[in-house]
Structure formats: structure tokens, C-alpha cells
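Participant: mind folding the following:
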Amino acid sequence: MDSPFPSWHDLAVCYQNVGWTLNHQTDVSYPEGAPVLGQRTELSLNRTDEGYQYVYFSAHDAQDNPVMVPQLYRVSMTRRFFDEIKSMKKLLGQQQQSATPPIYQMQLVT
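Facilitator: All right, here's what the predicted structure looks like:
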């Protein structure tokens, strides 16, 4: 589990900041009736000195509700800028989702 965040957090930016190259990123919604609700993000990364790595991550709020990837985050070329903003509320004027902070993020690295 990662540190608590005030809103959804893109781990791809963190990995890139420590030298990994992002090869592919996709968001996958869990099907209706799945034992897990929400969605996960899948990353394919590589680094010259480390080889390849796959990361799967998802987020839940303080009430254990799934936190979805904000739609605007994926359609904008400036998505990395959003990670520099403490709260998307400052940029957009309102929250994209009704999540109760803190947001807890789980990641699986293979």
C-alpha cells in the first residue's frame, strides 16, 4: 500500500521520475459481478539497468469505495501536470468524483 493521497494518483509519473520508461499504460474496469469493484491501471515499463517491469495499481477511498481514473486526466496531453497540483479542485473548480480522502493506493509489481 502506498502513502495516502488527497486524490487519485498516477504511478506512471512516479516511475518515470526515478528513471523508468513508460511503454504502455491502460485502464481496465472490472466487470459487473467481479469480487473487486472499480478499475485498475496497468503499466508496462523498462529501464536499461533493471529490465522490464509490469505494475498494476488501483485506489480506494477512506470508505473503501473504488476511486476511478478522472476522465479528463486521460484525454489531456498535460496529464503529468495534474500530478503537480495538490488537488484537482484547484484546476477544475470541482472534484471529478466524490471520494472521501485519504485515497489509498495498492500496487502489484512483477
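
Participant: please enumerate the strands of this structure.
Facilitator: Applying DSSP state E to the chain gives strands spanning 21-29, 39-47, 51-60, 104-109.

Participant: buried ones in the third one?
Facilitator: Neighbour counts over strand 51-60 (16 or more other C-beta atoms under 10 Å) mark Val55, Phe57, Ser58, Ala59, His60 as buried. Placement of C-beta: from N, CA and C, glycine included.

Participant: in the chain, which ranges drop under the pLDDT threshold?
Facilitator: 72-98 (pLDDT under 70).

Participant: repeat that with 90
Facilitator: Scanning the chain with the threshold set as pLDDT under 90 gives 1-10, 13, 30-38, 49-50, 62, 64, 68-107, 110.

Participant: would you turn the strands of the chain into JSON lines with distance to Tyr15?
Facilitator: Shown next, in JSON lines, are the strands of the chain (distance: least, C-beta to C-beta, whole Å):
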{"stretch": "strand 21-29", "distance to Tyr15": "7"}
{"stretch": "strand 39-47", "distance to Tyr15": "6"}
{"stretch": "strand 51-60", "distance to Tyr15": "7"}
{"stretch": "strand 104-109", "distance to Tyr15": "10"}
